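Visitor: Here is my input, please return the structure:
(one chain, ligands or ions: 1)
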Amino acid sequence: MSQSTQSVIITGTGSYTPAKVLTNDDMAKIVDTSDEWIRTRSGIRERCFAGQDEKTSDMAVAAAEKAISAAGIDRSDIDLIIVATMTPDMPFPSTACILQSKLGLGNITAFDIQAACSGFIYALNTGSNMLRSGAYKKALIIGAEKMSSILDFEDRATCVLFGDAASAIILEASDASGVGVLGSITGSDGSEPSLLHQPAGGSTIPSSHESIDARQHFIKMNGKEIFKQAVRIMEQVSSNILEQHKFKSEQIDLLIPHQANMRIIDSFAKRLKLPMGKFHNNLDRFGNTSAASVGLALDEAYRKGRIQSGDLILLVAFGAGLTWGASLIKWQ
Ligand code: ACO
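Guide: Numbers count the residues shown, from 1 in each chain. Next comes the predicted model:
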């Protein structure tokens with residue numbers, strides 16, 4: 001009988017972004033847009049796109065290798081892989097299974113989670129609870145997206161906003177108390193899926209010549225409505241998790257929000273009454289990397305020395321679904 005564990009801590013972080021960088025001026029050569037429009041509406045200056053032969057699992061491998069090395073663990077001790085992605089290598093098998101083989105891991109539990117841009121927090125929450133049950137000891141949590149594979153490079157309202165990346169953390173069960181992942185909240189509202197979706201390729205509209213001609217395999221988004229929902233949801237879920245754990249927003253040392261749009265983050269920060277100095281943002285260089293975004297910013301913040309032992313860190317995201325999530329972490 002397995003014993004339930006006290007804490008779950010993040011012992012290593014890692015990330016990967018493809019070598020190919022496209023500036024806003026580069027995007028203006030593809031669609032009718034400008035650096036000025038993209039910067040002022042979104043805060044994005046450039047993004048990375050994976051090469052044609054570079055798959056989501058390849059980016060995930062690179063991020064995972066860095067997280068494993070940062071954690072200083074023997075990879076054979078990993079007993080769980082969860083990959084958050086909405087751009088898997090293929091509909092099935094899962095990208096987590098492909099990763100298991102590429103990393104040369106044992107025949108361990110491996111599965112994908114699809115919660116769009118909230119995927120990293122969904123995966124972190126699921127992994128933490130599986131570790132807390134005592135049934136698993138070391139989990140590899142990944143957020144990885146090849147967004148360029150589902151972008152419509154004829155739709156200027158969406159293609160300028162997204163980028164490709166992968167991020168990873170190692171979660172470990174620990175006997176230390178009062179540290180690590182203090183808790184997470186996740187939620188959903190599926191009443192209006194068409195606010196942000198990829199219409200074809202599933203059982204509603206199976207792939208056909210017609211679906212391809214109608215460009216239905218690409219992202220479709222109601223940007224204005226998503227914007228409003230994102231600000232409201234991020235503030236609500238952040239306030240809820242702080243209240244649940246009896247913290248005030250001013251006690252947060254570092255807040256890492258989903259990197260979708262700087263104007264969303266600005267509005268959210270004002271609502272939460274938290275100065276921008278407490279945020280770590282990098283969307284200016286990577287755009288919206290969906291499930292990879294929170295982990296990508298977390299890894300960068302850690303490597304830049306912005307995270308110290310004892311810090312209270314809030315991760316918060318929203319995404320298609322709609323989905324949302326927040327995790328509160330006391331860095332060990
Ligand atoms: N370049 C130039 N002009 C553009 C571009 C572009 N790239 N895209 C749209 N426009 C035009 C529009 O056609 C429109 O022109 P019109 O007035 O002549 O019709 C005008 O700019 C204004 O467009 P709006 O949609 O009103 O622009 P808005 O200020 O709302 O900004 C944006 C658009 C940036 C998409 C914003 O709504 C937004 O960020 N929404 C949230 C998107 C988001 O975060 N999505 C990710 C969700 S997370 C996930 O799960 C994937």
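
Visitor: need the next SSE after the helix or strand containing Gln100, C-terminal direction.
Guide: Assigned by DSSP states H and E, Gln100 belongs to helix 95-102. Remark: after helix 95-102, the chain's next helix or strand is strand 109-113, criterion DSSP H and E.

Visitor: ok, then the element right after that following strand?
Guide: Sequence-wise, the next helix or strand downstream of strand 109-113 (DSSP H and E) is helix 119-132.

Visitor: a strand runs through Arg172, doesn't it?
Guide: Arg isn't right for residue 172; it's Glu. Yes. Under DSSP: H, G, I helix; E, B strand; the rest coil, Glu172 sits within a strand.

Visitor: give the contact list for it.
Guide: Taking Cβ atoms under 8 Å, 6 or more residues apart in numbering, we find Glu172 in contact with Val8, Ile9, Thr11, Ala71, Ile73, Leu131, Lys137, Lys138, Ala139. Heads up, the C-betas are built off the backbone N, CA and C, glycines and all.

Visitor: shouldn't the last one be in contact with Val83?
Guide: In this case it means Ala139. No. Look at Ala139 against Val83 with Cβ atoms under 8 Å: they stay out of range, at 11.3 Å.

Visitor: more neighbours, these two?
Guide: Remark: of Ala139 and Val83, Val83 carries more neighbours, 32 against 25, as counted by other Cβ atoms under 10 Å.

Visitor: how about the helix or strand harbouring that one against the ligand, any contact?
Guide: Element membership of Val83 [criterion: DSSP H and E] is strand 80-84. No. Applying Cβ under 6 Å from any ligand atom, one finds strand 80-84 separated from the ligand by no less than 11.4 Å.

Visitor: So what touches that strand?
Guide: By Cβ under 8 Å, 6+ apart, strand 80-84 touches 60, 94-96, 99-100, 105, 108-115, 119-120, 122-123, 126-127, 130-131, 136, 138-144, 291.

Visitor: Please name the residues that touch the nearest residue to Thr33 once chain neighbours are set aside.
Guide: Excluding the flanking residues, the one nearest Thr33 by Cβ to Cβ, 6 or more residues apart in numbering is Arg156, at 4.9 Å. Contacts for Arg156 were tallied using Cβ under 8 Å, 6+ apart; they are Val31, Asp32, Thr33.

Visitor: For Phe218, see how far away Arg156 is.
Guide: Remark: distance between Arg156 and Phe218 (Cβ to Cβ, to the nearest Å) = 13 Å.

Visitor: likewise Arg285?
Guide: Separation of Arg285 from Phe218 (Cβ to Cβ): 24 Å.

Visitor: which bits of this structure sit near the ligand?
Guide: Near the ligand, when you scan the chain using Cβ under 6 Å from any ligand atom, you find 33, 37-38, 41-42, 116-117, 156-157, 160, 196, 221, 223-224, 226-227, 230, 260-261, 264, 288, 290, 319-320.

Visitor: List only those of these flagged as buried.
Guide: Buried by 16 or more other Cβ atoms under 10 Å: 33, 38, 41-42, 116-117, 156, 160, 196, 221, 226-227, 230, 260-261, 264, 288, 290, 319-320, out of these.

Visitor: if I've got this straight, Arg41 is in a helix?
Guide: Yes. Arg41 sits within a helix when classified using three-state DSSP.

Visitor: Which residue is the nearest non-sequential neighbour of it?
Guide: Nearest to Arg41 is Arg263, by Cβ to Cβ, 6+ apart, at 7.1 Å.

Visitor: Ile265 too?
Guide: What sits nearest to Ile265 in space, not counting adjacent residues and going by Cβ to Cβ, 6+ apart, is Pro257, at 5.4 Å.

Visitor: So what does that neighbour have for phi and psi?
Guide: With angles defined as degrees, to the nearest 10, Pro257 sits at phi -90, psi 160.

Visitor: beta partners for it?
Guide: Counting by DSSP bridges, Pro257 is bridged to Val316.

Visitor: got the contact list for it?
Guide: Met234, Ile265, Phe268, Phe279, Asn281, Val294, Leu315, Val316, Ala317.

Visitor: thought the last one was touching Val294?
Guide: Yes. Ala317 is in contact with Val294 according to Cβ under 8 Å; the separation is 5.4 Å.

Visitor: Residues that sit against both of the two, list them.
Guide: The contact sets of Ala317 and Val294 overlap at Phe120, Ile121, Pro257, His258 (Cβ under 8 Å, 6+ apart).

Visitor: Isn't the first one up against Gly127?
Guide: No. Counting by Cβ under 8 Å, Phe120 does not reach Gly127; the two are 10.5 Å apart.

Visitor: more crowded one of these two?
Guide: Using other Cβ under 10 Å as the criterion, Phe120 and Gly127 rank with Phe120 on top: 37 against 25.

Visitor: dump the residue contacts of the more buried one.
Guide: Contacts of Phe120 were listed using Cβ under 8 Å, 6+ apart, and they are Ala84, Ile141, Gly143, Ser167, Ala291, Ala292, Ser293, Val294, Gly295, Leu315, Ala317.

Visitor: Now tabulate these in CSV and tack on pLDDT, secondary structure and neighbour count.
Guide: Shown next, in CSV, are the contacts of Phe120 (pLDDT from 0 to 100; DSSP: H, G, I helix; E, B strand; the rest coil; neighbours: other Cβ atoms under 10 Å):
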residue, pLDDT, secondary structure, neighbour count
Ala84, 98, strand, 32
Ile141, 98, strand, 28
Gly143, 98, strand, 35
Ser167, 98, strand, 33
Ala291, 98, helix, 36
Ala292, 98, helix, 37
Ser293, 98, helix, 30
Val294, 98, helix, 29
Gly295, 98, helix, 32
Leu315, 98, strand, 25
Ala317, 98, strand, 32
